[in-house]
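Q: structure, please.
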Amino acid sequence: MVPSTQAVTPLRQRMIDDMRMRKLCDQTQAGYIRAVRQLAAFLERSPDTATIEDLRRFQLHLVDHGTSPITLNATLSGLKFFFEVTLDKGHLLAKMQSVHVPRTLPVVLSRDEVARLLAAAPNLKHQTALSVAYATGLAIPFILVAVGATAVSHRLGWFRDHYTVVSRVTGAMLVLVGFLMITNTFARLSGLLPPLGA
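A: The predicted structure is shown next:
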């Protein structure tokens, strides 16, 4: 439940009870109540009197004031709960749209950047440690696949029967990816791919 110094209105108490019934965590409850409080402040009246157009204007207000996509989507989730569950007026959300949150790719260092990173290490021992750490980080997805494949191989008859072939193919793929990365061909090929979400 969300602590507050002000008196709780019957409408807010109903929403709190609805969230408690569904065992929503305290952070989620606080976020949902904050979303409804923001709507009430925007409307300058009780949020249960909002119309479809009021909700649309509120979303535009949030966008115009630079609200991040993640915060905007969290606010919309709170309002969705309030209107669909507490008020049973889900139809009012017809013009509210969640916002696409762009996914960013992790940074992979170029050969020159890796060389500069290693050159910054004060001695051979530190250079070796950095090289191993960086190489291990790049190999983690392959290691996880290998561990996962081993863990489930006893459950998959076909996989067990063809384990040698699968091991050789995945090993060859690992060597190929390593070769492509060493020769910087991997970076050039990734530049040919369209960006995510396009």
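
Q: quick check: can you list the domain ranges of this protein?
A: What automatic domain parsing lists as the domains of the chain is 10-93, 111-190.

Q: quick one: end-to-end distance for the last one.
A: With CA to CA, to the nearest Å as the measure, domain 111-190 spans 15 Å from end to end.

Q: cool, and the first one?
A: Its first and final residues considered, domain 10-93 spans 22 Å by CA to CA.

Q: circling back to that earlier point, of the domains of the chain, flag the one that's most buried.
A: For the domains of the chain, average neighbour numbers computed from mean count of other CB atoms under 10 Å are highest in domain 10-93, which has a mean of 16. (Glycine included, C-beta is placed from N, CA and C.)

Q: this protein: strands as residue ranges?
A: Taking DSSP state E as the criterion, the chain carries no strands.

Q: so where's it shaky on pLDDT?
A: Scanning the chain with the threshold set as pLDDT under 70 gives 1-6, 105-106, 138, 149-160, 193-198.

Q: one more pass at 80, please.
A: Along the chain, segments meeting pLDDT under 80 span 1-7, 102-109, 133-163, 184, 186-198.

Q: now do the longest helix along it: which elements does it pack against?
A: Assignment by DSSP state H gives helix 124-152 as the longest helix of the chain. Applying 3 or more CB pairs under 8 Å, 6 or more residues apart in numbering; DSSP states H and E, one finds that helix 124-152 makes contact with helix 111-120, helix 163-182.
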